[in-house]
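[1] Give the three-dimensional model of this entry:
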Amino acid sequence: MARLNLWRWGVLACTGLYFLVPLAASVVFTIDVPGQGFTFDAYTRILSTGGFGSSLLLSLELAAATIVLVLLVMVPAVVALRLGAPALRPVVEVVCSLPLVVPPIAFVAGIGTVLKWGPDHLSRTPLFQTFVAIQNPGFPFVLVLAYVVMALPFVYRALDAGLRAIDVRTLVEAARSCGASRTQALVQAVLPNLRGALLNASFLTLALVLGEFTVAQLLGFQPFAVWIVNVSGSQAQLSVAVSVLSLLVTWALLLALAGVGGRNRTASSRG
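    Predicted coordinates:
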């Protein structure tokens, strides 16, 4: 037993070094300037560079909208699948896994083709304004739709794992026997027991949106990931500092989301 614990700690230590040593080296590279000593000039230049706040805010807005939309689509779907049509589960699983096998370049090429086809063929219909609205640079909703599709594999896996851990049918039947409607049974009986799965799905979606570059770049929008690449072009130290800062921002957001989920669980258990 002692040997097994030692092996586990050894694996954890090696894994920690694998991630922390390159990160520490990157941080040292950004703050250690030859001839000047330690300075945080690279980081102050990032914060003063134009577009930092607006691009980060845009990515956070896109992430929030993507999380809400993908959960609104997937939670009722997986619950209904588990209750009413479990035989279709393999089909849904394959469909939700398709974004993993479609290259992002092909995916964004298809989106671009549709966006070009729409105005040409729908210019005299009310749908023309829809195509214009979803490409608004202030909030490109087309990116939200793309990110929802890209997040499907991760969200489905997280929700499916959460549903496997609870008896959904018994929860819904108990809520229905107490006079609750189907919507009330879903919101008041099922969702509280899926809090961990919902949190995991939100984690994965947030990380996906904050780090996604290909679709946003090729469609001509500038969220945080695209801004990072554009601003870090020719200056090596600034480039590494931007990468470190983006990693820290992502970690901070994930920890904040985890903290909110932890407080909700504590309040729920006390109640």
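[2] quick one, helices of the stretch 101-250 of the chain?
    104-121, 127-133, 141-164, 168-177, 182-185, 195-211, 214-219, 224-231, 236-270 (DSSP state H, counting those that start in this stretch).
[3] and the angle for the third one with helix 195-211?
    If you take axes from the mean of the first three to the mean of the last three Cα atoms, to 10 degrees, helix 141-164 sits at 150 degrees to helix 195-211.
[4] check contacts around the residue sitting nearest the centre point of the chain.
    Nearest to the mean C-alpha position of the chain, counting by Cα atoms, centre = their mean, stands residue 205 at 1.8 Å. The contact partners of residue 205, taken as Cβ atoms under 8 Å, 6 or more residues apart in numbering, are 63, 66-67, 70, 147, 151, 154-155. Where C-beta positions appear, they are placed from N, C-alpha and C, glycine not excepted.
[5] And the residues you listed, which is closest to residue 173?
    Comparing the contacts of residue 205 against residue 173 with Cβ to Cβ places residue 155 closest, at 25.9 Å.
[6] burial of the closest one, as a residue count?
    Residue 155: 27 surrounding residues under other Cβ atoms under 10 Å.
[7] pretty sure it contacts residue 201?
    Yes - Residue 155 lies in contact with residue 201 (Cβ atoms under 8 Å); the separation is 4.4 Å.
[8] where do the contact lists of those two overlap?
    70-71, 74.
[9] what's the nearest residue to residue 89 if we skip its chain neighbours?
    residue 81 (6.0 Å; Cβ to Cβ, 6 or more residues apart in numbering).
[10] which residues touch that neighbour?
    88-89, 92.
[11] Now the helix or strand harbouring it: buried residues?
    Secondary-structure assignment from DSSP states H and E places residue 81 in helix 52-84. Residues of helix 52-84 classed as buried by neighbour count (16 or more other Cβ atoms under 10 Å): 52, 55-56, 58-60, 62-63, 65-67, 69-71, 74-75, 78-79, 81-82.
[12] Next: stretch 251-260.
    Buried, per 16+ other Cβ under 10 Å, within stretch 251-260: 253-254.
[13] Restrict it to CA atoms and write it as CSV.
    What follows is stretch 251-260, C-alpha atoms only, in CSV (Å, rounded to 0.1, in the frame of the first residue of the first chain):
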residue,chain,number,x,y,z
TRP,A,251,-7.6,29.9,-14.6
ALA,A,252,-9.0,32.8,-12.7
LEU,A,253,-12.4,32.5,-14.5
LEU,A,254,-12.5,28.8,-14.0
LEU,A,255,-11.7,29.2,-10.3
ALA,A,256,-14.4,31.9,-10.0
LEU,A,257,-16.9,29.6,-11.6
ALA,A,258,-15.9,26.7,-9.3
GLY,A,259,-16.2,29.0,-6.3
VAL,A,260,-19.7,30.0,-7.3
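[14] would JSON lines of the contacts of residue 81 with pLDDT be doable?
    Output for the contacts of residue 81, formatted as JSON lines (pLDDT from 0 to 100):
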{"residue": "88", "pLDDT": "86"}
{"residue": "89", "pLDDT": "86"}
{"residue": "92", "pLDDT": "88"}
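[15] Report the buried members of the residues you listed.
    Buried among the contacts of residue 81 (16+ other Cβ under 10 Å): residue 92.
[16] Among the contacts of residue 81, which one sits closest to residue 47?
    Within those, proximity to residue 47 (Cβ to Cβ) peaks at residue 92, which comes in at 44.6 Å.
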